[in-house]
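In: Okay, sequence plus prediction incoming.
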Amino acid sequence: MLSPPLETSTRDTDVTGAPDSEQRQEFTLRDCALIELATGIKAQNLRELHSGLGQAPSTSIYHHFWGRLLRPQFDEPEYNNDLASWVYHALHDKTLAERLSILSPTDFDDLELLRELIIELVEERLEETEGIAWAHADNMFHFQKAQIVVFDTGMRFDSPSDLVHQFDSLSLGSIYYHFIDARSRTESHCDDFSAWLEGFGDEHINLIQKLCGMDPYFSSLGEIRRCVSDILKIYFDEVNRGKLD
Amino acid sequence: MENWTEEQLRQILNGYRKIVGQVAIHQLEQLVEPLRGSKVVHVNSTREGGGVAEILHKLIPLKRALGIDARWEIVEGNEKFYECTKGFHNALQGNKVDLSDGLLRAYEQTNAENAERLRDVLNDADYVFIHDPQPALLLQHFPDRKGKWVWRFHIDAGHPYRPVWKYLRSFVADYNASVFSMPQFAQPLPHPQYIIAPSIDPLSDKNCALPQEEIDSVRQRFGINPDLPMILQVSRYDRFKDPLGVIEAYRLAKKLTPLQLVLAGGGASDDPEGQMVLDEVNAVAKDDPDIHVLLLPPDAHRTINALQRLADIVLQKSLREGFGLTVSEAMWKGRPVIGGDTGGIRLQVIDHYTGFLVRTPEGAALRTRYLLHRDDLCHEMGERARRFVGENYLITRHLREYLTMMLSLDESSPERIEVWKGSLADAR
């Protein structure tokens, strides 16, 4: 499985948003924020990046793939993770940036496997190139990690169809928590909504399949919100039409 | 220290609620629940002048409004102490500054004396935030401290002058955590290093909405021409803020575009070099009636607010900058900012979106002319800038991150902190 972004285990409390067996009809909507920490590991060229990748905690690898989603940004980033972005913008190595950018952490059951592949790609690039490009001294890559703080929004949903009306107004923190963070918390490594819907038996199996079939990695949180909202609207429109028919 | 009534504290919280929304305030209330009643002390070296003092003026009442027993103390020193700490400031931002043993002894002695004066308060605190190098040595005088001590470093120390950093590092290594504004500023230390950007207060005199009459009166008071476009830099008279570079940029831009420049700043009581830099600026600007060099008192917040609203474009052409609160201040008022491509300015000025990042007076001149000729773009950038600050650089976000850090310092598994009312006690 994709290891959770934790160096130690989480508390044994209900944070998933998914219901326990006694309250399985209620969905608890959470919100979250990240706070970043420096690891002290930095790189100014590919060799140093290679070395840093070997030393950085797994939480740092996770953060540089997913943390960008909650970071202030305006445009669609050209590359989908911090490593690829730095390789392009600081080292001007478009070849490696493209190779790193296509990596999706959702394809890996274990962050260590993802780390190994990144290291291999960097090694391969080091062998291909004769000179080593250096970043400007004030544009080094700084390995970071993050802590997540989880809030209760106070919102509860009894029925999946109730979600439809609220979904467009959910905060990006809620989307991150229930769609990104959930991948490391839920048994199915999918999202909290799907986990909750499973509590209704086969009633919403088509919706679960649609939600789990979505790859959140190449989207912004706003796009994930739009996409899920569309899926919910279409699904419940069909359900309601079926009832009428 | 100022005291607030319960009613005043309630109003403070309601004021923020109106701007940032109930969700953000509810998050703070959840975070503060396990910290309610905690004694938190912030220590820095001045109550007036500079960004740290401005933040603390607002952070303390906000913390108190949420139920934290927060207070603010300052270290007091003599001329030699401030000469030494200004040397630290310059050296940590990369200048080669060799400090004599005499200055370092004055620094150490001042910290020892202040430690005695603050002994009871700091020994008793649950959390102590030490801001910047000035009070950094206090920690070693509190071997029996009960609380967690955090060193909050505000300046751009990405490439410090090594001998000075080595000296300071030996003292700051013993803190429970440190806080830097950007990951680029962090230095190897044997404790967690948090990355927390500073913030502005939307309710302060510096940033609140102003009546047009007040703005007009500031224009008249300083003889600002209502018919000429105005560019503005607000900052202390400090070489790292590059006021001479701003004048050069203004002169380059003015060759083709009529405009006026306002340089507005004051001194900080812990900055002995300010007068020298101001004299240099006055000497360069004296023959140009369209350059207004203003030396403002430390409490001229509404005046600065009005100047920022009068400006068409705001510059912050720093050569080094820890964060640059003036950037967010201007952006909050819907002004695009042309900023030095350095330090914390990069966090706020998103190139081509909320303003422009420049490295030279020529670059600043080019962007000034461009924006003055593109009213539509200037307005669009300003709108984006205001939204960006509203979402990222207001004091409520800043406090949320401080509170998260405080909780995590007490946690055995701090990578995930779960807080919510009702189940909070169980969660912790």
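Out: Sure, I can see it.
In: ok, what's across the strand from the residue in chain A that chain B sits nearest to?
Out: Residue nearest to chain B within chain A (CB to the nearest CB): A:D152, separated by 3.1 Å. Any C-beta I mention is one placed from the backbone N, CA and C, and that applies to glycine too. A:D152 has the following beta-bridge partners by DSSP bridges: A:R30.
In: So it sits against A:C32, correct?
Out: No: between A:D152 and A:C32 there is no contact under CB atoms under 8 Å: 10.5 Å.
In: between the two, what contacts are shared?
Out: Common neighbours of A:D152 and A:C32, using CB atoms under 8 Å, 6 or more residues apart in numbering or on different chains, do not exist here.
In: Could you confirm B:V128 falls within a helix?
Out: No: applying DSSP: H, G, I helix; E, B strand; the rest coil, one finds B:V128 to be strand, outside a helix.
In: Now do the same contact list for it.
Out: Contacts of B:V128 (CB under 8 Å, 6+ apart): B:V40, B:V41, B:H42, B:V43, B:L122, B:R145, B:G147, B:K148, B:W149, B:V150.
In: which of the residues in the longest helix along chain A are buried?
Out: Counting residues, the longest helix in chain A under DSSP state H turns out to be helix A:221-244. For helix A:221-244, the buried set under the neighbour-count rule, 16 or more other CB atoms under 10 Å in any protein chain shown, comprises A:L221, A:I224, A:R225, A:C227, A:V228, A:S229, A:I231, A:L232, A:Y235, A:F236, A:V239.
In: before we move on, what about stretch B:43-60?
Out: Result for stretch B:43-60 [16+ other CB under 10 Å]: buried residues B:43-46, B:48-60.
In: So B:G265 is in contact with B:R236, correct?
Out: Yes: using CB under 8 Å, B:G265 makes contact with B:R236 at a distance of 5.2 Å.
In: Return the helix or strand in the chain with minimum mean pLDDT.
Out: Went with chain A since none was named. Within chain A, no helix or strand scores below helix A:160-166, which has a mean of 86 by mean pLDDT, DSSP states H and E.
In: To clarify, I was referring to chain B.
Out: That would be, for chain B by mean pLDDT, DSSP H and E, helix B:424-427 at a mean of 38.
In: Need the pLDDT of the most centrally placed residue in chain A.
Out: The centroid of chain A falls nearest to A:I180 when counting by CA atoms, centre = their mean (3.8 Å). We have a pLDDT of 92 for A:I180.
In: Quick check: closest non-adjacent residue to it.
Out: A:W66 (5.6 Å; CB to CB, 6 or more residues apart in numbering or on different chains).
In: For the strand or helix carrying that neighbour, buried residues please.
Out: Per DSSP states H and E, A:W66 falls inside helix A:58-66. Under the neighbour-count criterion of 16+ other CB under 10 Å, helix A:58-66 has A:S58, A:T59, A:S60, A:I61, A:Y62, A:H63, A:H64, A:F65, A:W66 buried.
In: Would you enumerate the residues in contact with the fourth one?
Out: Meaning A:I61. With CB under 8 Å, 6+ apart, A:I61 has these contacts: A:L53, A:L111, A:L114, A:R115, A:I118.
In: Could you point out which residue ranges in the stretch 301-428 of chain B have low pLDDT?
Out: Low-confidence regions of the stretch 301-428 of chain B, defined by pLDDT under 70, span residues B:412-413, B:420-428.
In: B:G265 and B:R236: which is more packed in?
Out: B:G265 (25 against 20; other CB atoms under 10 Å in any protein chain shown).
In: Would you mind measuring from the more buried one to chain A?
Out: In this view, B:G265 and chain A are 25 Å apart by CB to the nearest CB, to the nearest Å.
In: pLDDT weak spots in chain B?
Out: Residues of chain B that meet the cut-off, pLDDT under 70, sit at B:1-2, B:267-271, B:412-413, B:420-428.
In: For it, which segments are assigned as strands?
Out: Counting by DSSP state E, chain B has strands at residues B:39-44, B:69-74, B:127-131, B:148-152, B:177-180, B:193-195, B:230-234, B:260-265, B:291-295, B:313-316, B:337-340, B:355-358, B:416-419.
In: To B:L92, which of the ones you listed lies closest?
Out: strand B:177-180 (11.5 Å; CB to CB).
In: Please enumerate residues in contact with that closest one?
Out: With contact meaning CB under 8 Å, 6+ apart, strand B:177-180 is reached by A:38, B:148, B:150-153, B:157, B:172, B:186, B:189, B:191-196, B:405, B:409.
In: So for B:R162, which of the strands of chain B sits nearest?
Out: strand B:177-180 (17.6 Å).
In: Which elements pack onto the least confident helix or strand of chain A?
Out: Where contact means 3 or more CB pairs under 8 Å, 6 or more residues apart in numbering or on different chains; DSSP states H and E, helix A:160-166 is packed against strand A:141-157, helix A:192-198, helix A:221-244.
In: on that earlier part again, would you mind listing the two of the contacts of B:V128 that lie farthest apart?
Out: B:H42 and B:R145 (15.3 Å).
In: Among the two, which residue is more densely surrounded?
Out: Remark: of B:H42 and B:R145, B:H42 carries more neighbours, 24 against 16, as counted by other CB under 10 Å.
In: Residue numbers of the stretch 251-400 of chain B in contact with chain A?
Out: B:T342, B:L347, B:I350, B:Y353, B:R384, B:F388, B:E391, B:N392, B:R400 (CB under 8 Å from any CB of the partner chain).
In: Dump these to CSV, plus neighbour count.
Out: Listed next are those as CSV, based on neighbours: other CB atoms under 10 Å in any protein chain shown:
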residue, neighbour count
B:T342, 25
B:L347, 19
B:I350, 19
B:Y353, 16
B:R384, 18
B:F388, 22
B:E391, 12
B:N392, 16
B:R400, 21
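In: ok, of those, which one's closest to B:P229?
Out: B:R384 (20.4 Å).
In: From what I see, the closest one and B:Y353 are in contact.
Out: Yes: between B:R384 and B:Y353 there is a contact under CB under 8 Å: 5.7 Å.
In: Share the number of residues neighbouring residue 67, please.
Out: You didn't say which chain, so I picked chain A. Counted with other CB under 10 Å, A:G67 comes out at 22.
In: that's the wrong chain, I meant chain B
Out: For B:G67, using other CB under 10 Å, the count is 15.
In: Give me the phi and psi angles of it.
Out: When read as degrees, to the nearest 10, the backbone of B:G67 gives phi 110, psi 10.
In: how close does it get to chain A?
Out: 17 Å.
In: still on that earlier bit, for A:L83, state which of the buried residues of helix A:58-66 is nearest.
Out: A:H64 (5.7 Å).
In: Contact partners for that closest one?
Out: A:N81, A:D82, A:L83, A:F143, A:Q144.
In: how about 10 Å then?
Out: Counting by CB atoms under 10 Å, 6 or more residues apart in numbering or on different chains, A:H64 touches A:53, A:56, A:81-86, A:105, A:118, A:141-146.
In: Next: B:S204.
Out: B:E54, B:I55, B:H57, B:K58, B:H301, B:R302, B:N305, B:E329, B:I395.
In: now B:L244: how far from B:L319?
Out: Note on B:L244: its distance to B:L319, by CB to CB, to the nearest Å, is 11 Å.
In: okay, now B:K255: neighbour count?
Out: B:K255 - counted by other CB under 10 Å - has 8 other residues nearby.
In: pretty sure it contacts B:E362?
Out: No: the criterion here is CB atoms under 10 Å, and B:K255 misses it with B:E362 at 11.7 Å.
In: Check the burial of A:T153 by counting its neighbours.
Out: 19.
In: Show the end-to-end separation of stretch B:228-241, please.
Out: 25 Å (CA to CA, to the nearest Å).
In: Pull out the buried residues from it.
Out: The neighbour-count check on stretch B:228-241 (16+ other CB under 10 Å) flags B:229-241 as buried.
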